[in-house]
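A.B. asks: Okay, here's the prediction I keep looking at, along with the sequence it came from:
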Amino acid sequence: MDKEWQTDLRQHLQLRKAELTARLERITNNLRRGLVSDSEEQAKQLEDSEVIDALGNEAREELGKITAVLERMNAGIYGICTACDTPVGEGRLRVYPYALECIDCAELDEDIRAHAR
Ligand SMILES: [Zn+2]
């Protein structure tokens, strides 16, 4: 069973998911429309479509995070660190609901990434 704050979060994420899905659909439609016209206009539209595509990537990325959280909620393992199996902590999840790792593992990952550069 979800804790009360998780129920709120789930509702919030489902709304956000619907919003992002609708936005992605609009972006895809705009992209498709941009493919028919003469060359000069096409160049301008290509520029626009790159901007639109960047927005689409952002939306897709967030959708992916939301889906991962909802899946973990459904499986009853939301809030458990994916790396070390300890609770991520309600405080951290309230600030950053997409967190799949506890603060220690997340910081360790960041360290590794920083040193890999
Ligand atoms: Zn951890």
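C.D. replies: Yes, it's here. Numbering: from 1, shown residues only.

A.B. asks: CA only for contacts and neighbour counts going forward, please
C.D. replies: OK.

A.B. asks: Give the next helix or strand downstream of the lowest-mean-pLDDT helix or strand in the chain.
C.D. replies: The weakest-scoring helix or strand in the chain, judged by mean pLDDT, DSSP states H and E, is helix 39-75 (a mean of 84). Using DSSP states H and E, the next helix or strand after helix 39-75 towards the C-terminus is helix 90-95.

A.B. asks: wait, does that next one contact the ion?
C.D. replies: No. Applying Cα under 5 Å from the ion, one finds helix 90-95 separated from the ion by no less than 12.2 Å.

A.B. asks: The residue positioned nearest the centre of the chain: what's it in contact with?
C.D. replies: Nearest to the geometric centre of the chain sits Glu62, at 1.6 Å (Cα atoms, centre = their mean). By Cα atoms under 8 Å, 6 or more residues apart in numbering, Glu62 lies in contact with nothing.

A.B. asks: if I look at it, how far off is Asp104?
C.D. replies: 23 Å (Cα to Cα, to the nearest Å).

A.B. asks: next one: Ile80
C.D. replies: 13 Å.

A.B. asks: Neighbour count for those two, which is higher?
C.D. replies: Ile80 (18 against 13; other Cα atoms under 10 Å).

A.B. asks: which residues touch the closest residue to that one other than its chain neighbours?
C.D. replies: Closest residue to Ile80 apart from its sequence neighbours, by Cα to Cα, 6 or more residues apart in numbering: Pro87 at 4.5 Å. Pro87 sits next to 79-81, 102 when contact means Cα under 8 Å, 6+ apart.
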